[in-house]
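> Okay, sequence plus prediction incoming.
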Amino acid sequence: MSDGAQAQPHTTPAPAPTHGAGGGRPRRRRRVRAGLKSWLYLLPALAVYGGFAIYPALSTFSFSFLDWDGVQPPTWAGLENYARVVTDPLLAGAIGNGLVLILFFSIVPIAVGLLMTGLLTARGGRGTTFYRTVYFLPQVLPLVAVGTTWRWLYSGDGAVNEFLGAVGLGGLARSWLADYHVALVALGLIGTWCMSGLCMVLFMSGAQKIDPALHEAAALDGAGRLRRFLHVTLPGLRKEISIAGVITTIAALASFDLVYVTTNGGPAGQTNVPALLVYRLAFNEGDIGAASALAVVLTLLVIALVSVIRLLAREK
């Protein structure tokens with residue numbers, strides 16, 4: 001080194017920051033605190049849901065194994081109540097009637113909703129708002145009022161029989177809700193009237209989300225309105241059809257107020273449904289165990305059918 005050269009000071013490089021266990025702990029603490037804070041926000045809703053949904057469900061399940069009238073001390077019944085649900089013609093028949101109502105509350109309204117959606121989309125949107133309002137009106141009306149109105153329409157001197165007489169079909173006139181052979185069908189048609197508008201509104205909303213370019217491409221390929229609906233609109237409504245199927249199936253199996261107002265289970269039990277029998281067994285006959293077992297079976301049936309609907313509607 002030359003004499004004129006100046007010595008450079010020796011500096012040591014600063015240590016690089018470490019991201020080991022020490023650096024990760026503060027982040028983990030912050031995440032834990034954020035998680036606890038979010039649970040604190042959820043606690044009120046969880047408390048309400050647990051008190052009014054989870055606890056009653058668990059209580060119903062426990063009651064289903066008891067022989068109890070709601071007043072005297074209960075005794076253990078085991079699976080006797082569930083065996084009664086399967087073997088008792090009254091209870092098993094109510095479950096069968098509920099399954100039949102799925103045809104009128106779910107399958108037929110979905111078909112009618114798809115038909116109305118196809119017709120309205122073919123019109124290019126003209127009059128859509130009017131039809132939506134008219135067909136959705138039954139969803140706004142209380143079912144008690146709907147049942148009272150249809151009970152009058154179906155009566156011996158009601159509007160249905162008056163119409164049949166006016167068109168020369170007076171021989172078909174009868175008290176529809178009091179006829180042993182047609183009461184369940186007449187009740188189911190009320191459900192069809194109530195649910196068709198809901199399905200149509202769901203399908204119309206879904207049809208508006210479909211890319212118009214798909215319809216234009218299909219039209220250029222020579223597809224008519226029917227083929228465009230079957231191959232473009234219908235596949236695009238898969239999710240909406242699934243939602244409609246779930247809602248209407250639950251409405252069919254859990255129907256109570258409409259049946260209670262119109263037929264109250266008659267004639268001769270032909271329109272008994274599970275929800276109505278749960279009410280009767282628990283509050284009229286004091287058979288809490290059988291009512292709870294029927295409610296549990298109904299819940300499992302709803303879960304099974306809804307799971308099948310979601311599975312069938314799942315995207316491939």
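Here it is on my side, so go on. Numbers count the residues shown, from 1 in each chain.

> quick one: low-confidence ranges for the stretch 1-150 of the chain?
The stretch 1-150 of the chain contains residues with pLDDT under 70 at 1-24, 124-126.

> where do the strands sit along it?
66-67, 75-76 (DSSP state E, counting those that start in this stretch).

> which residues sit against the first one?
What that stands for is strand 66-67. Contact partners of strand 66-67, identified using Cβ atoms under 8 Å, 6 or more residues apart in numbering, comprise 74, 75, 76, 77, 80, 81, 288, 289, 292. Where you see a C-beta, it was placed from the backbone N, CA and C, and this is true even at glycine.

> cool, the last one as well?
By Cβ under 8 Å, 6+ apart, the residues outside strand 75-76 that reach it are 65, 66, 67, 68.

> Would you convert these into JSON lines that also reports neighbour count and distance to residue 281?
Shown next, in JSON lines, are the contacts of strand 75-76 (neighbours: other Cβ atoms under 10 Å; distance: Cβ to Cβ, whole Å):
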{"residue": "65", "neighbour count": "19", "distance to residue 281": "15"}
{"residue": "66", "neighbour count": "19", "distance to residue 281": "13"}
{"residue": "67", "neighbour count": "16", "distance to residue 281": "13"}
{"residue": "68", "neighbour count": "20", "distance to residue 281": "12"}
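
> Spatially nearest residue to the residue positioned nearest the centre of the chain, not counting backbone neighbours?
In the chain, the centroid-proximal residue (Cα atoms, centre = their mean) is residue 247; its distance is 2.3 Å. Distance criterion Cβ to Cβ, 6 or more residues apart in numbering; nearest residue to residue 247, sequence neighbours excluded, is residue 198 at 7.0 Å.

> Could you pull up the residues touching the one you found?
Contacts of residue 198 (Cβ under 8 Å, 6+ apart): 109, 113, 136, 139, 244, 247, 248.

> The first one reaches residue 248, doesn't it?
So that's residue 109. Yes - Residue 109 is within contact range of residue 248, at 5.9 Å (criterion: Cβ atoms under 8 Å).

> Overlap in contacts, those two.
195, 198, 199.

> In three-state terms, label the second one for me.
Spelled out, it's residue 198. At residue 198, secondary structure determined by DSSP: H, G, I helix; E, B strand; the rest coil is helix.

> gap between it and residue 231?
25 Å (Cβ to Cβ, to the nearest Å).

> ditto for the last one
When Cβ to Cβ is applied, the distance between residue 199 and residue 231 equals 21 Å.
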